[in-house]
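Asker: pasted the sequence and its predicted model underneath.
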Amino acid sequence: MKLGWACMLKLLSLCEREGICFFWRPLDPDNQQLLGMYFRTPTGVPVIVLDESLINRIKTARTVLAEELAHYWTVPMVDHMNCRVDDPLTKVNVWRDESRALRLATNLLIPTVELVAALNKGVYSHHELSEYFMVEEYVVQRKMNLLRIDLHEQMKLREVAPYIAELFLGDMEQIEQNEAS
């Protein structure tokens, strides 16, 4: 449990560094569907609130906090609450904002370099990785899916425009080889 709080404190220190006010409050005591929220006060101060039920659920708290931090970084100004949205264009924008935030949160919680280090140490199963990174198992699954998507996009780029791929990906491979030696 001490490891979990140490990991949580790293995220809370990010909030402090970014000037984000952080609070634990009861958000949705009946339904337990609203676990966190990010908004700005009328004067523009960023605020993140996590449901107080997460205090003893560190993995979930870290996951929700990382997602709310990602909203802060990906949507600098919030002028609405993403509750029920009927307009199709607004739904697309909300979906896009959520997708960006989930990707950033996942990469914040499980950096690829650290994932590779864990795998090299023999930490393989989703459960083991969940414990290693102090996140919910679905975050591990999301990270694996993101890596799969990224790899697929790289391969598609190599097939469709190999000359462009070589300009970008070839340099990256050379850099990685130089770092390894």
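Answerer: Alright, I've got the coordinates.
Asker: just list what the lengthiest helix in the chain packs against, helices and strands only.
Answerer: As assigned by DSSP state H, the longest helix anywhere in the chain is helix 137-160. If you count contacts as 3 or more C-beta pairs under 8 Å, 6 or more residues apart in numbering; DSSP states H and E, helix 137-160 packs onto helix 88-109, helix 126-133, helix 162-165. C-beta: built from backbone N, CA, C; applies to glycine.
Asker: now it, how far from the centre of its chain.
Answerer: 15 Å (C-alpha atoms, centre = their mean, to the nearest Å).
Asker: show the average pLDDT along that helix.
Answerer: For helix 137-160, the mean pLDDT works out to 82.
Asker: alpha carbons only: can I get that helix in PDB?
Answerer: Backbone C-alpha positions of helix 137-160 (Å, rounded to 0.1, in the frame of the first residue of the first chain) are rendered in PDB as follows:
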ATOM      1  CA  GLU A 137      -5.900  -4.000 -15.200                       C
ATOM      2  CA  TYR A 138      -8.000  -2.300 -17.900                       C
ATOM      3  CA  VAL A 139      -5.300   0.400 -18.100                       C
ATOM      4  CA  VAL A 140      -2.700  -2.300 -18.900                       C
ATOM      5  CA  GLN A 141      -5.000  -3.600 -21.600                       C
ATOM      6  CA  ARG A 142      -5.500  -0.100 -23.000                       C
ATOM      7  CA  LYS A 143      -1.700   0.400 -23.100                       C
ATOM      8  CA  MET A 144      -1.300  -2.800 -25.100                       C
ATOM      9  CA  ASN A 145      -4.000  -1.800 -27.500                       C
ATOM     10  CA  LEU A 146      -2.400   1.600 -28.000                       C
ATOM     11  CA  LEU A 147       0.900   0.000 -28.700                       C
ATOM     12  CA  ARG A 148      -0.800  -2.300 -31.200                       C
ATOM     13  CA  ILE A 149      -2.500   0.600 -32.900                       C
ATOM     14  CA  ASP A 150       0.800   2.600 -33.100                       C
ATOM     15  CA  LEU A 151       2.700  -0.400 -34.500                       C
ATOM     16  CA  HIS A 152       0.000  -0.900 -37.100                       C
ATOM     17  CA  GLU A 153       0.100   2.700 -38.100                       C
ATOM     18  CA  GLN A 154       3.900   2.500 -38.500                       C
ATOM     19  CA  MET A 155       3.600  -0.600 -40.600                       C
ATOM     20  CA  LYS A 156       0.900   1.000 -42.700                       C
ATOM     21  CA  LEU A 157       3.100   4.100 -43.300                       C
ATOM     22  CA  ARG A 158       6.000   1.800 -44.300                       C
ATOM     23  CA  GLU A 159       3.700   0.100 -46.900                       C
ATOM     24  CA  VAL A 160       1.900   3.200 -48.300                       C
END
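Asker: alright, that wraps it up for me.
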